[in-house]
Structure formats: structure tokens, C-alpha cells
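Asker: okay, predicted coordinates and the sequence, questions at the end:
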Amino acid sequence: MTGRRRFNCVSRQWELNSGIQTYHEILRTERGKILPDNHPLTIMVNRVLDRLIPMAPIEGASWKVHVIHDDSMVNAFVLPGGKVFVYTGILPICGDEDGLAAVLGHEIAHVVARHPAERMSNSIITLGLVFLISALFDISGQFPSLFLNLIYGLPNSRTQEAEADNIGLMMMAKACFNPEAAVRLWARMQKAEQTAPPQFMSTHPSSYNRMEAIREWLPKAENLSEDSGCHSIRSYLPGFRQASGTSTFGW
């Protein structure tokens, strides 16, 4: 979808099996904190997801939403296979359904682009290089591991995050969510961040850089939205949301 070339030696089945294993581990870890399917927040997340799924070319996905009641955790993610986890701590940052669509679109995009498999493949390369450098220079594996992470692992992770921002933005636009909400999302995220490491030491681009990149992609996203006939739909959504009380998240 973006034309980026990458190394991947992990099969789809291995990636899926890893996702299933992680899924059950998270269910055990978060037992007692998962909101029921009939909870208003779970229903809302499902409503947003239902509009995004047709835009996500993921074969054989078995979609399932889990909203976890943990206001201290500002996080959401999607596992290979379609299992979705949203922590309540991220909902105030999302602000509304368009903001949530930006988050879920980004997380779904990681699976669409097979970033988990790419990360597994990269870890194989990194581990092999660490052993090789340690053997050749008779040094501890700690230094080459840190060095390779700084010059290879972290930049590649930031590239994946930016790619997921791009793909997710286009998916939410085609699903008739307002793509400008993605800019506002990262503005709120920037305000919410207490301390953030310099970008070169982080797995993610800075919130400011993400906002700027998304602004550059907005014309393309708006064109996709218009081609999907979304402008007429979005014109009456605010009134509908106000009437139904679903414009913002809250307890």
C-alpha cells in the first residue's frame, strides 16, 4: 500500500500462531478488567471497528473487541488474526469516534502491513549479528545489541509506525471518518505526554512529527473520502451523534 520494501522471512501461519498465543496471555493477564460486550464503550468500539474492517484487507481475520477498564493505560493494539484491545485510558485522548478511528486504523494498519512478522524477521537478523560481532571481537553481546538497536532497530520501528499512520489514515478516510481527527488526536497526545525521549532513542516518531506528516497526507485522504461519497454522509453525522449522545467518550 505504500511501496516500501522490507525483509520478511516469517510465514503468515507463524505470525497468526504468535498472535493467538499472545491473545490468550493477555486474556489471562487482564482477567476481571475486560468490559462486557453489552457495555456502552464496547458497543462504541465495535461500531467504529465495523466501519474500518471492510477497508482492511486481512484474510481469515476473526475480529473480536476487548475494552479493558484501566484508565492508567493509554494504549490500544490489534493482534494478527483480528483481536482488538482498547484500554479505557486512551479514550479521553481519542475524544470521539473519529479520534478512535484514527487509533484503530493505525493499529489495524500494523496487521495489514504485516509489521509483527517484519519485527520477528528483524529480530532474527539482529540476534545473528550480535552473536557474530561478539565472537569476532571477543566482547560482551550487550554493546553490539544496544548499538544495532540504535542504528537499525529503532529507526525501523519508527518507519513502521509512520507507515501505519499513513495506511490507517487512508482507511479511516475511506470509511467516512474525518481524517483531520488524526491531527487533533496527536495534538492531544502531545499535551498528555509527561516526558518523552528524543526521537532517535524512541520506537515511535514524536507526536509533533506525526502531526506534520499527517497534515501532508490529508489532501490524499480527503480525495479518498470524497471518492467514497463520504462528504454527504459526514454532513449529518454530528447531529446524529449529538442526538444519540455518542459524540464523546465518558463513563
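Answerer: Yep, it's here. Model, not experiment: these values are computed from the prediction.

Asker: point out where the stretch 1-150 of the chain drops to low pLDDT.
Answerer: The model of the stretch 1-150 of the chain has pLDDT under 70 over residues 125-150.

Asker: rerun at 80
Answerer: Along the stretch 1-150 of the chain, segments meeting pLDDT under 80 span 1, 59-60, 122-150.

Asker: ok, Ile43 - how many residues close by?
Answerer: Using other CB atoms under 10 Å, Ile43 is surrounded by 15 other residues. From N, CA and C alone the C-beta is placed, and that goes for glycine too.

Asker: could you find the closest non-adjacent residue to it?
Answerer: Excluding the flanking residues, the one nearest Ile43 by CB to CB, 6 or more residues apart in numbering is Asp37, at 7.8 Å.

Asker: can you report how many residues neighbour that neighbour?
Answerer: Asp37 is flanked by 12 other residues according to other CB under 10 Å.

Asker: can you confirm it is in a strand?
Answerer: No - going by DSSP: H, G, I helix; E, B strand; the rest coil, the assignment for Asp37 is coil, not a strand.

Asker: report the separation between it and Val67.
Answerer: The spacing between Asp37 and Val67, counted by CB to CB, to the nearest Å, is 9 Å.

Asker: which element is Arg172 on?
Answerer: That one is not Arg; residue 172 is Met. Here Met172 sits within helix 154-174, counting by DSSP states H and E.

Asker: buried sites along that helix?
Answerer: Judged by neighbour count using 16 or more other CB atoms under 10 Å, the buried positions of helix 154-174 are 154, 156-174.

Asker: now do the SS call for Arg4.
Answerer: Three-state call for Arg4 (three-state DSSP): coil.

Asker: so who does it touch?
Answerer: Residues near Arg4 by CB atoms under 8 Å, 6 or more residues apart in numbering: Thr159, Glu163.

Asker: what is the burial count for the closest residue to Ser62 other than its chain neighbours?
Answerer: Nearest residue to Ser62 in three dimensions, chain neighbours excluded: Gly82, at 5.3 Å (CB to CB, 6+ apart). Gly82 sits with 21 neighbouring residues when counted by other CB under 10 Å.

Asker: Gly82 and Ser72, how far apart?
Answerer: Going from Gly82 to Ser72 by CB to CB gives 26 Å.

Asker: kindly report the same for Ser121.
Answerer: Taking CB to CB, one finds Ser121 at 33 Å from Ser72.

Asker: now the helices for the stretch 151-251 of the chain?
Answerer: Ranges of helices in the stretch 151-251 of the chain, per DSSP state H, counting those that start in this stretch, are 154-174, 180-192, 207-227, 230-244.

Asker: quick one, which of these gets closest to Phe7.
Answerer: Judged by CB to CB, the one of those that comes nearest to Phe7 is helix 154-174, at 9.7 Å.

Asker: check which helices and strands the closest one sits against.
Answerer: Here helix 154-174 touches helix 97-112, helix 115-137, helix 180-192, helix 207-227, going by 3 or more CB pairs under 8 Å, 6 or more residues apart in numbering; DSSP states H and E.

Asker: now with 7 Å?
Answerer: Using 3 or more CB pairs under 7 Å, 6 or more residues apart in numbering; DSSP states H and E, the elements in contact with helix 154-174 are helix 97-112, helix 115-137, helix 207-227.
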